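Colleague: The following comprises the amino acid sequence and a computationally predicted model.
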Amino acid sequence: MPWKIIKRKLGRAGGLKQRSARQRQWDQQFGEGMWTIGYLIDGQFVEQEEAIHSVYSKSYEAYFEAHPEDVAELIALAKKLRNPHAEATSSVDLQVPAIMAYLDKKGLTLSGSEIVDIGTWRGERSHGLSVRLSPLQIPCVENPRWTLEKYWQEKKCLAVWEEE
């Protein structure tokens, strides 16, 4: 009984109101628990929660391993991270949890005194590091020619549970 992809390129999830409306529509159309969002990775459908680890977090991990100077700067500068876009639009914040998971995995803690934005909102950012650590800049481990944001939005799929 596998998941069957029925729609590709879903685009942005949007704010809470928009996400909730889409989810209600899919519940009505396919039944509660009978649909999910995910990604096609190596020919296999992977649910979004798993892809957050295998793609999103791994992309930040690969970036940080290749740019230890950004890790050092982040640790020295930040006491807290925030995603200004997610705060302003009620969208889902994936980058701050991915960065914090990397730091936790490495036994590192933020020791600075500033709130550091990860990404921007309407062209505003707190630091240069905000732009460098944006998913609009981080290469995706699944396709390094693409940014993490491009991959995450372009490759998102809707799948329904198909009885065999």
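Modeller: Looks like it arrived, so ask away. Residues are numbered from 1 along each chain as shown.
Colleague: contacts and neighbour counts: CA atoms only from here.
Modeller: Noted.
Colleague: Helix or strand, whichever it is, which one in the chain has the lowest mean pLDDT?
Modeller: None of the helices or strands of the chain scores lower by mean pLDDT, DSSP states H and E than helix 84-89, at a mean of 86.
Colleague: State the next helix or strand along the chain beyond that helix.
Modeller: helix 95-105 (DSSP states H and E).
Colleague: Tabulate the CA atom coordinates of that next one in CSV.
Modeller: What follows is helix 95-105, C-alpha atoms only, in CSV (Å, rounded to 0.1, in the frame of the first residue of the first chain):
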residue,chain,number,x,y,z
GLN,A,95,16.2,26.8,8.8
VAL,A,96,16.5,27.7,12.5
PRO,A,97,15.7,24.2,13.6
ALA,A,98,18.1,22.7,11.0
ILE,A,99,20.9,25.0,12.2
MET,A,100,20.2,24.3,15.9
ALA,A,101,20.1,20.6,15.2
TYR,A,102,23.6,20.8,13.6
LEU,A,103,24.9,22.8,16.6
ASP,A,104,23.4,20.3,19.0
LYS,A,105,24.9,17.4,17.1
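Colleague: now what about that helix, what contacts it?
Modeller: Tyr56, Ser57, Tyr60, Glu61, Leu81, Arg82, Asn83, Thr109, Ile118, Ser134, Pro135 (CA atoms under 8 Å, 6 or more residues apart in numbering).
Colleague: in the chain, which spans are strands?
Modeller: For the chain, the strands defined by DSSP state E occupy 3-8, 35-41, 44-47, 78-82, 114-117, 139-140, 143-147, 156-161.
Colleague: Output those as TSV; include the columns mean pLDDT, mean neighbour count and distance to Leu103.
Modeller: Below are the strands of the chain laid out as TSV (pLDDT from 0 to 100; neighbours: other CA atoms under 10 Å; distance: least, CA to CA, whole Å):
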stretch	mean pLDDT	mean neighbour count	distance to Leu103
strand 3-8	94	16	33
strand 35-41	94	19	26
strand 44-47	93	16	24
strand 78-82	97	17	12
strand 114-117	96	19	15
strand 139-140	98	23	18
strand 143-147	96	14	21
strand 156-161	95	20	27
